[in-house]
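>>> Structural data only, the sequence is not supplied:
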């Protein structure tokens, strides 16, 4: 997979930077946050660990990319392996932000720390197909086709595991009729956004892979584009669905309407910030393709 190594590592750097850019708009005083993140660390806070681990992950990815660009494969492997381990910890810890929510039975538990690692791999493979599709304008050389075929088979396995995970997650949530868990899971199953997540991020890409076991990279490119739309709904549902049910379901005044499911739609500012994050990602990647040789060097 050396054909895609530089682009994949640079892509990971770009997406993390774009993610940090979006978070920047959520924080009132980002400079103060950076200072006190070091001076008074919250070692029992999953959010503190999230920022710290992703910062370390970004650092190791940048160092690995530097050595890849300079063809120092020995050092690149060392920092790549270290970055992989820190990345696994970062993704898993991000899942723990939801897993630690004891007030929300639908998300509390060990599911999300493992789910985040799996979906990170799946998202990365989708992006790999999209990146290579644009690089070769869907006219793939033989060696690239062979590499992408192997990547498609890995993706098929990962998506199958994801479907298995999500199926059992829903069954265990619904089974027994546990309050604040079963009713929320049933509500989620009937939501359009969840159904779009399942169809776009799981079923369509898996069917394309099973059609010829990944031998059609052009089809996989389009399936990955569709899959990324599904990943958007996946992340939207992750935040939205865990907070669907109000914690206070009883009336507190005589003439108050009984609390019901939370109805939420992103504001214009939220949509613009999200679009800006995508724009930052595309701009940085474009600049990177002009500044660096991201193709494999042939000796």
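That came through fine. Since we're looking at a predicted model, the values are computed, not measured. Numbering: from 1, shown residues only.
>>> Could I get the full set of strands for the protein?
With DSSP state E, there are no strands along the chain.
>>> The helix or strand of it with the lowest mean pLDDT packs against which elements?
Within the chain, no helix or strand scores below helix 30-39, which has a mean of 86 by mean pLDDT, DSSP states H and E. Here helix 30-39 touches helix 46-69, going by 3 or more Cβ pairs under 8 Å, 6 or more residues apart in numbering; DSSP states H and E. Bear in mind the C-beta positions are built from the backbone N, C-alpha and C, glycine included.
>>> Ignoring the adjacent residues along the chain, who's closest to residue 122?
Among residues not flanking residue 122 along the chain, residue 158 sits closest, at 5.1 Å (Cβ to Cβ, 6 or more residues apart in numbering).
>>> related to what we said a few turns ago, between helix 46-69 and the least confident helix or strand of the chain, find me the angle.
Interaxial angle of helix 30-39 relative to helix 46-69 (axes from the mean of the first three to the mean of the last three Cα atoms, to 10 degrees): 100 degrees.
>>> Show residues contacting helix 30-39.
When contacts are defined by Cβ atoms under 8 Å, 6 or more residues apart in numbering, helix 30-39 is touched by residues 24, 27, 48, 51-52.
>>> Check the gap between the residue nearest to residue 122 and residue 124 for me.
10 Å (Cβ to Cβ, to the nearest Å).
>>> again, but for residue 204
The gap separating residue 204 from residue 124 is 18 Å, by Cβ to Cβ.
>>> Any stretches of the chain with poor pLDDT?
In the predicted model of the chain, residues 1, 297-299 satisfy pLDDT under 70.
>>> Would you point out which residue is most central in it?
With distances taken as Cα atoms, centre = their mean, the residue of the chain nearest its centroid is residue 120 (4.6 Å).
>>> what separates it from residue 268, distance-wise?
29 Å.
>>> same check, this time on residue 7
Distance from residue 7 to residue 268, by Cβ to Cβ: 34 Å.
>>> So for those two, which sits in the more crowded spot?
Neighbour tally, residue 7 and residue 268, criterion other Cβ atoms under 10 Å: the higher count belongs to residue 7, 21 against 7.
>>> For that one, list the residues it contacts.
Counting by Cβ under 8 Å, 6+ apart, residue 7 has contacts 128, 131-132, 135, 294.
>>> Leaving out sequence neighbours, find the closest residue to the residue nearest to the centre of the chain.
Leaving aside its chain neighbours, residue 120 sits nearest to residue 91 (4.7 Å; criterion: Cβ to Cβ, 6+ apart).
>>> How many residues are close by that neighbour?
Residue 91 is flanked by 22 other residues according to other Cβ under 10 Å.
>>> same check, this time on residue 134
Neighbours around residue 134, by other Cβ under 10 Å: 12.
>>> For residue 19, see how far away it is.
For residue 134 relative to residue 19 (Cβ to Cβ), the value is 21 Å.
>>> Likewise for residue 85?
20 Å.
>>> Residue 84 now?
Distance, residue 84 to residue 19, using Cβ to Cβ: 18 Å.
>>> Might you report the residue contacts of residue 295?
Residues near residue 295 by Cβ under 8 Å, 6+ apart: 3, 6, 135.
>>> excluding its backbone neighbours, what's nearest residue 247?
Take residue 247 and drop its neighbours on the chain: the residue closest to it by Cβ to Cβ, 6+ apart is residue 103, 6.3 Å away.
>>> Then residue 154?
Counting by Cβ to Cβ, 6+ apart, the residue nearest residue 154 is residue 125, at 6.7 Å.
>>> show me where the stretch 1-150 of the chain has helices.
Ranges of helices in the stretch 1-150 of the chain, per DSSP state H, counting those that start in this stretch, are 2-24, 30-39, 46-69, 73-99, 111-136, 142-174.
>>> Okay, angle between the shortest one and helix 2-24 too, please.
So the one you mean is helix 30-39. Going by the same axes, to 10 degrees, helix 30-39 makes 110 degrees with helix 2-24.
>>> how far out from the middle of the chain is helix 30-39?
25 Å (Cα atoms, centre = their mean, to the nearest Å).
>>> Could you pull out the buried residues of that helix?
Of the residues in helix 30-39, none count as buried by neighbour count, 16 or more other Cβ atoms under 10 Å.
>>> check contacts around residue 54.
Residue 54 touches 16, 19-20, 90, 94, counting by Cβ under 8 Å, 6+ apart.
>>> Fine by me, we can end here.
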